[in-house]
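# model the following, please.
(one chain, ligands or ions: 1)
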Amino acid sequence: MTHPLSRLLVLSLMLLAGQALAVEPVLVLHGGAGVEKAGLTPQDQAAARAAMESALRAGHAVLARGGSAVEAVAATITVLEDSPQFNAGKGAVFTHDGKNELDAAIMDGSTGNAGTVAGVHRIKNPIQLARTVMDRSKHVMLVGEGAERFAQEQGVSLVDPAYFRTDKRWKQLQKALKEEASGQAHADLETAKHFGTVGALALDTQGRLAAGTSTGGMTNKRYGRVGDSPIIGAGTYANSQCAVSGTGWGEYYIRAVAAYDICARMKYAGQSLDQAAEAVIDEQIPKAGGNGGAIALDAKGNVAFPFNTEGMYRGRIGGDGVPHVAIFKDETL
Ligand code: ASP
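You can find the predicted model right below:
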């Protein structure tokens with residue numbers, strides 16, 4: 001018969017081993033590139049910083065109780081979607097014909113599963129629907145009416161499309177329409193400044209990575225336009241080593257298969273997270289004529305926040321649970 005004390009010793013050793021194996025959780029987010037100092041009042045800045053902090057806390061709470069990276073990413077993005085400061089959920093930008101059409105994606109790096117939705121206009125939290133597509137359908141991507149029908153079948157509540165409207169975004173559309181009508185040479189570039197997509201990446205205590213992105217797309221986008229955010233590999237990607245969420249001029253991110261390229265450079269070319277993220281965001285995309293930023297996280301907890309616009313809303317939180325946020329270039333995280 002085993003002595004009770006030796007059983008206690010084995011149990012303590014198992015516990016210690018378990019603790020040693022537990023990974024320190026990390027969560028990072030972005031609230032979009034393309035932020036310009038001139039366009040932001042101190043109140044706007046304070047509101048955006050507060051919203052990012054509460055989103056970081058929401059994600060961290062999931063990780064701290066041993067929840068999964070997927071759950072943490074969804075929790076973080078839900079808070080950002082509900083905050084009108086960002087171009088996702090409430091506060092999304094308007095299409096050319098004055099509607100809000102939302103895109104979102106989530107990917108579980110530990111299983112390779114993914115769920116995405118595009119062109120939805122009655123889903124309060126598109127990231128939750130993307131997760132439901134991943135968990136409860138045989139598919140990866142559902143669009144428009146079909147995605148909303150699936151939402152109804154799954155008991156996801158729908159909202160009136162007017163829910164997403166904010167005056168600030170409406171004014172941005174009117175400005176973009178005027179510029180376009182007057183044939184201003186750089187109307188497209190002007191529009192491209194108004195990003196604001198949101199994204200989050202998490203590394204949980206079991207070492208699993210996940211990535212998610214949610215957006216209203218780009219101001220004045222045409223009928224049915226889908227950007228990079230809900231396209232796996234373009235704006236959102238995660239595997240067991242690396243997770244990425246992009247924000248910027250979506251067409252360029254799609255052509256560059258930007259999020260996947262960052263992870264592929266690490267896997268096949270042995271680049272570090274920093275090198276890979278910078279090569280794609282600060283070299284490849286600008287070389288092709290695009291701009292924007294991204295967040296990237298690897299399985300060792302390294303993070304990268306490259307961007308080539310004046311600012312990018314961004315934040316990180318580690319095991320200590322203290323949120324850190326930044327907006328402009330000169331701020332460190
Ligand atoms: N990447 C998004 C899109 O093109 C825009 C953004 O990042 O704000 O739809």
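# the residue lying closest to Arg136 once chain neighbours are set aside: how many residues sit nearby?
The spatial neighbour of Arg136 that comes closest, neighbours along the chain excluded (Cβ to Cβ, 6 or more residues apart in numbering), is Gln154 at 6.1 Å. For every residue, glycine as well, the C-beta is placed using N, CA and C. Using other Cβ atoms under 10 Å, the number of residues around Gln154 comes to 14.
# Val23 now?
Count around Val23 with other Cβ under 10 Å applied: 16.
# relative to Ala276, how far out is the closest residue to it other than its chain neighbours?
Closest residue to Val23 apart from its sequence neighbours, by Cβ to Cβ, 6+ apart: Gly207 at 4.4 Å. Distance, Gly207 to Ala276, by Cβ to Cβ, to the nearest Å: 20 Å.
# counting neighbours, go ahead and name the busier of these two.
When Gly207 and Ala276 are compared for neighbours, Ala276 comes out ahead with 25 against 18, by other Cβ under 10 Å.
# assign the more buried one to helix, strand or coil.
helix (DSSP: H, G, I helix; E, B strand; the rest coil).
# doesn't Asp135 make contact with the residue nearest to Arg136?
No: using Cβ atoms under 8 Å, Gln154 makes no contact with Asp135, being 9.5 Å away.
# pLDDT at Gly10, what is it?
Careful, residue 10 is Val; it's not Gly. Val10 is assigned 45 on the pLDDT scale.
# and for Pro4?
Model confidence at Pro4 (pLDDT) stands at 55.
# so which bits of stretch 203-214 are buried?
Leu203, Asp204, Thr205, Gly207, Arg208, Leu209, Ala210, Ala211, Gly212, Thr213, Ser214 (16 or more other Cβ atoms under 10 Å).
# distance of the residue lying closest to the fifth one once chain neighbours are set aside relative to Gly31?
Using Cβ to Cβ, 6+ apart and skipping residues adjacent in sequence, the residue nearest Arg208 is Ser110, 3.9 Å away. Spatial separation of Ser110 from Gly31 under the definition Cβ to Cβ is 26 Å.
# between these two, which one's more packed in?
Gly31 (29 against 18).
# parallel or antiparallel, list what pairs with the helix or strand harbouring that one.
Using DSSP states H and E, Gly31 sits within strand 26-35. With DSSP bridges as the test, strand 26-35 is paired with strand 198-203 (antiparallel), strand 311-317 (antiparallel).
# out of the ones you listed, flag the one nearest the ligand.
strand 198-203 (8.5 Å; Cβ to the nearest ligand atom).
# hmm, the closest one touching the ligand?
No: shown here: strand 198-203 not in contact with the ligand (Cβ under 6 Å from any ligand atom), separated by at least 8.5 Å.
# do the helix or strand that comes right after that strand and the ligand come into contact?
For strand 198-203, the following helix or strand on the C-terminal side (DSSP H and E) is strand 209-215. Yes: legend: contact between strand 209-215 and the ligand by Cβ under 6 Å from any ligand atom is shown at Thr215.
# what angle do strand 209-215 and strand 198-203 make?
With axes from the mean of the first three to the mean of the last three Cα atoms, to 10 degrees defining the directions, strand 209-215 sits at 170 degrees from strand 198-203.
# pull up the pairing partners for strand 209-215, direction included.
strand 102-108 (antiparallel), strand 198-203 (antiparallel).
# can you redo the ones you listed as JSON lines with mean pLDDT and distance to Ala181?
Conversion of the strands paired with strand 209-215 to JSON lines gives the following (pLDDT from 0 to 100; distance: least, Cβ to Cβ, whole Å):
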{"stretch": "strand 102-108", "mean pLDDT": "98", "distance to Ala181": "26"}
{"stretch": "strand 198-203", "mean pLDDT": "98", "distance to Ala181": "30"}
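# which bits of the stretch 1-150 of the chain sit near the ligand?
On the criterion Cβ under 6 Å from any ligand atom, the ligand has as its neighbours in the stretch 1-150 of the chain the residues Gly32, Asn87.
# please, where are all the helices along this protein?
4-21, 42-64, 69-82, 126-136, 144-153, 167-181, 187-192, 250-256, 258-269, 273-278, 285-288 (DSSP state H).
# just name the most buried of the ones you listed.
Each of the helices of the chain was scored by mean neighbour count; the highest is helix 69-82, a mean of 27, by mean count of other Cβ atoms under 10 Å.
# pull the distance from that helix to the chain's centre.
A distance of 9 Å separates the centroid of the chain from that of helix 69-82, by Cα atoms, centre = their mean, to the nearest Å.
# quick one: Gln241 and Tyr268 touch, right?
No: Gln241 lies out of contact with Tyr268 (Cβ under 8 Å); the separation is 11.3 Å.
# picking up where we left off before, now the strand holding Gly31 against helix 42-64, angle please.
Using the same axes, to 10 degrees: strand 26-35 against helix 42-64 is 160 degrees.
# how far does stretch 217-230 stretch from one end to the other?
Taking Cα to Cα, to the nearest Å, stretch 217-230 runs 10 Å from one end to the other.
# so which bits of that stretch are buried?
Quick answer for stretch 217-230 (16+ other Cβ under 10 Å): Gly217, Met218, Thr219, Asn220, Lys221, Arg225, Val226, Gly227, Asp228, Ser229, Pro230.
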